[in-house]
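A.B. asks: Test case, fold it:
(chains A and B)
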Number of protein chains: 2
Amino acid sequence: MIRISLDVMGGDFGPEVVLPGAARALERHPDIRFLLFGDQAICAPILERYPKLKAASSFEATEIAIAMDEKPSQALRRGRGKSSMWQAIDAVNRGEADVVVSAGNTGALMAMAVFCLRTMSGIQRPAIAAIWPTLKGESIVLDVGATIGADARQLVDFALMGGAMARALFELERPTLGLLNVGVEEIKGQEEVKEAGRLIREASFEGIDYSGFVEGDDIGKGTVDVVVTEGFSGNIALKAAEGTARQIASYLRAAMSRTLMAKIGYLLAKSAFDRLREKMDPQKVNGGVFLGLNGIVIKSHGGADAEGFAAAIDVGHDMVRNGLKNKIQADLAKYRAVQTPEAATGDAAARGEI
Amino acid sequence: MIRISLDVMGGDFGPEVVLPGAARALERHPDIRFLLFGDQAICAPILERYPKLKAASSFEATEIAIAMDEKPSQALRRGRGKSSMWQAIDAVNRGEADVVVSAGNTGALMAMAVFCLRTMSGIQRPAIAAIWPTLKGESIVLDVGATIGADARQLVDFALMGGAMARALFELERPTLGLLNVGVEEIKGQEEVKEAGRLIREASFEGIDYSGFVEGDDIGKGTVDVVVTEGFSGNIALKAAEGTARQIASYLRAAMSRTLMAKIGYLLAKSAFDRLREKMDPQKVNGGVFLGLNGIVIKSHGGADAEGFAAAIDVGHDMVRNGLKNKIQADLAKYRAVQTPEAATGDAAARGEI
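C.D. replies: I've put the predicted structure just below:
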């Protein structure tokens, strides 16, 4: 049995998407048991429409729903203890759930998750890992926005966690990993990235096949299974790619409706276009994963539909089934054991600062 | 008359692309006079095929061609004074050309340009501005790789130069401008970006309509005419977007050749697809512009074809015709005049360091 807690009020559509999404995920994974947190008056009638889901769930009424545009600090002040988002996270903290899924406000979710679950021992800062569709399948890109300006040591932690996630999600033994950089010329690159590259090479992690630096266009090519970068550039890369995909989809729609011939051609090739749309649809690979906390948090796209939210639940299910948290902890323990005493001291000092 | 010097040996194909490209640009702009720098034995027979180009050009033989994979420091050591790249840049320095265009190695071109032309008085660091196709037309994005980790003051310089370039290239009176950031939540963003936002707002530049922060997906939407960021994230955004465009083109090709119906549909809609391909083709908006130097340098894509190289020449032609350099200098002078004495002192000190 895999226990998944849901922030039912999260996302642009709240229960209207979260509950149908949960019902779909349950059909695919009958081993799930849901812990639902939300507004009773709104959720109860919707839940009645999904008797199988109702039977596989516990429901706990919460008073507060965090708004999508609420500032993290305000969300924390107002929602701590009482909001559906907090309660869903706290179910993981209390050991009642194995993973939490929310389509709510990213900043608020991260703030509450850090506050409630705390960072994992040996990890300074959390990361958000995105699952990125590539020409070869899928890759993991982290961090896409949790830690702005990560230093070399934090980038190494991200590499370790990303490697563990790739082993859990793609069921690979030794995923390939690259550090995002701006080319191979000598004068280029951030100092942190160069230093992280040196540290990863020296550490020669058992579970990671380090490939060196990769560039922005390597992500979509699928050059490596895991791409590591700090949160500012990672977030910008993700959004620039999403923007480009939407831009091309819009060109394509315009081109296919311009002439009668194009319209007929479109109809004949419709199934091909449908398949293409599915490939380009961010919903299909929905689910950012918060790594580095004492518990797994899955962030679904706020605008996801029921199928998109179900995909985020699928990600959470796979992470638990394949023991992501244990994989990260085991890798960390191995890595720290071979580190020099100075590094271990620095580590403890850094932990003390948090 | 607009005088354009060309590094004929630059790019993946050298004279075989540069000379036909120049011939095309000349047809569109008969007011160009070219200064060609390259290997005489290779260039002379190709030039014979373009009599109009030959008549509108001077040719100077150079001994050294910079390789596409040469390190900037090595290129500078080996090619200073004697290479086609250096000579083409130096023609601008000597006042013989108004702008230089090269499809050569970006790192080497930047190193030589900085060494030969020096940064403009009042500008600490150069930037590379890309012309980015958007849903509304085109935007300027800078810096895409010249200055890794630009500080707030340098970001303000980039804003000023990007604004001047938008006025020169798009013939706008007051282009809109945004600073690239990772969302509007309070805890997010780099300190430098926040500080730059504050400085730009306070300066209330005459020629810039500052719109605040924008995110990665705003670039493709064309939310603003000018997007300012430091070189690391700018380069990664550019390459991530290019990678995504290629990825989708590849999906599209695969989808359209899967079934007979799709193939027939493709043939019927072929003219629409051709128009789409043109829109997605980076060649069509080819030409990164090096800003902040005492002279304008246009960098063409190394893999550009003749039409792509001609497009880079078009950009150079427009920049000179619309007085880009004077626009930047006038804006800088106005801005510095209203700055506090302390800032002006800091400025001079910074110049002394370079």
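A.B. asks: CA only for contacts and neighbour counts going forward, please
C.D. replies: Noted.
A.B. asks: now the angle between helix B:231-256 and the helix or strand harbouring A:Lys239, please.
C.D. replies: If you go by DSSP states H and E, A:Lys239 is part of helix A:231-256. Angle, helix A:231-256 to helix B:231-256, by axes from the mean of the first three to the mean of the last three C-alpha atoms, to 10 degrees: 40 degrees.
A.B. asks: The following helix or strand past helix A:231-256 to helix A:231-256, inter-axis angle?
C.D. replies: Per DSSP H and E, the first helix or strand lying C-terminal to helix A:231-256 is helix A:260-268. Between helix A:260-268 and helix A:231-256, the angle comes out at 120 degrees (the same axes, to 10 degrees).
A.B. asks: Could you pull out the buried residues of helix A:260-268?
C.D. replies: A:Met261, A:Ala262, A:Lys263, A:Ile264, A:Gly265, A:Tyr266, A:Leu267, A:Leu268 (16 or more other C-alpha atoms under 10 Å in any protein chain shown).
A.B. asks: just the strands in the stretch 51-200 of chain A please.
C.D. replies: For the stretch 51-200 of chain A, the strands defined by DSSP state E, counting those that start in this stretch cover A:57-61, A:99-102, A:127-134, A:137-142, A:176-180.
A.B. asks: Quick check: A:Gln190 touching B:Ala150?
C.D. replies: No - A:Gln190 sits out of contact with B:Ala150 when judged by C-alpha atoms under 8 Å, with a separation of 11.2 Å.
A.B. asks: With neighbour numbers in mind, choose between those two.
C.D. replies: Neighbours per residue (other C-alpha atoms under 10 Å in any protein chain shown) separate A:Gln190 from B:Ala150, with B:Ala150 holding more: 21 against 15.
A.B. asks: Distance check, that one against A:Gln154.
C.D. replies: Look at B:Ala150 and A:Gln154: by C-alpha to C-alpha, to the nearest Å, they are 22 Å apart.
A.B. asks: try A:Ile123
C.D. replies: Separation of A:Ile123 from A:Gln154 (C-alpha to C-alpha) stands at 8 Å.
A.B. asks: Ok, A:Lys221 next?
C.D. replies: 26 Å.
A.B. asks: how does chain A divide up, domain by domain?
C.D. replies: Taking automatic domain parsing as the reference, chain A has its domains at A:2-118+A:293-322, A:132-282.
A.B. asks: close to chain B, is the first one?
C.D. replies: So the one you mean is domain A:2-118+A:293-322. Yes - Domain A:2-118+A:293-322 reaches chain B (C-alpha under 8 Å from any C-alpha of the partner chain) through A:Lys71, A:Pro72, A:Gly107.
A.B. asks: got the end-to-end distance for that domain?
C.D. replies: Per C-alpha to C-alpha, the first residue of domain A:2-118+A:293-322 is 11 Å away from its last.
A.B. asks: before we move on, the earlier item: so which elements touch the helix holding A:Lys239?
C.D. replies: Packing contacts for helix A:231-256, counted by 3 or more C-alpha pairs under 8 Å, 6 or more residues apart in numbering or on different chains; DSSP states H and E, involve strand A:137-142, helix A:260-268, helix B:216-221, helix B:231-256, helix B:270-280.
A.B. asks: Any regions of chain A where pLDDT drops low?
C.D. replies: By pLDDT under 70, the weakly predicted segments of chain A are A:184-188, A:276-286, A:339-354.
A.B. asks: which residue is nearest the middle of it?
C.D. replies: Taking C-alpha atoms, centre = their mean, the centroid of chain A lies closest to A:Gly288, which sits 1.6 Å from it.
A.B. asks: for it, which residues make a bridge with it?
C.D. replies: Here A:Gly288 sits in beta bridges with A:Lys299, going by DSSP bridges.
A.B. asks: thinking it is in contact with A:Ala129, fair?
C.D. replies: Yes - if you go by C-alpha under 8 Å, A:Gly288 and A:Ala129 touch, sitting 5.4 Å apart.
A.B. asks: Tabulate the strands of the stretch 51-200 of chain A (a markdown table), appending mean neighbour count.
C.D. replies: A markdown table is the format used below for the strands of the stretch 51-200 of chain A (neighbours: other C-alpha atoms under 10 Å in any protein chain shown):
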| stretch | mean neighbour count |
| --- | --- |
| strand A:57-61 | 16 |
| strand A:99-102 | 28 |
| strand A:127-134 | 25 |
| strand A:137-142 | 26 |
| strand A:176-180 | 25 |
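A.B. asks: To A:Gly295, which of the ones you listed lies closest?
C.D. replies: For these, proximity to A:Gly295 was assessed by C-alpha to C-alpha; strand A:99-102 is nearest, at 6.6 Å.
A.B. asks: starting at the chain centroid, how far to the closest one?
C.D. replies: The chain centroid and the centroid of strand A:99-102 are separated by 10 Å under C-alpha atoms, centre = their mean, to the nearest Å.
A.B. asks: Now do it: which elements does it pack against?
C.D. replies: Counting contacts by 3+ C-alpha pairs under 8 Å, 6+ apart, strand A:99-102 packs against strand A:2-7, helix A:84-93, strand A:296-299, helix A:306-321.
A.B. asks: try 7 Å
C.D. replies: Under the contact definition 3 or more C-alpha pairs under 7 Å, 6 or more residues apart in numbering or on different chains; DSSP states H and E, strand A:99-102 sits against strand A:2-7, helix A:84-93, strand A:296-299.
A.B. asks: Filtering the buried residues of helix A:260-268 by proximity to chain B, which remain?
C.D. replies: Within the set of those, contact with chain B (C-alpha under 7 Å from any C-alpha of the partner chain) is found for A:Met261, A:Ala262, A:Ile264, A:Gly265, A:Tyr266, A:Leu268.
A.B. asks: Name the nearest residue to the last one, ignoring sequence neighbours.
C.D. replies: This means A:Leu268. B:Gly265 (4.9 Å; C-alpha to C-alpha, 6 or more residues apart in numbering or on different chains).
A.B. asks: Repeat that for the second one.
C.D. replies: In space, and not counting its chain neighbours, A:Ala262 is closest to B:Ala269: 4.0 Å by C-alpha to C-alpha, 6+ apart.
A.B. asks: Isn't the one you found up against A:Met261?
C.D. replies: Yes - B:Ala269 lies in contact with A:Met261 (C-alpha atoms under 7 Å); the separation is 5.9 Å.
A.B. asks: Nothing else from me, thank you.
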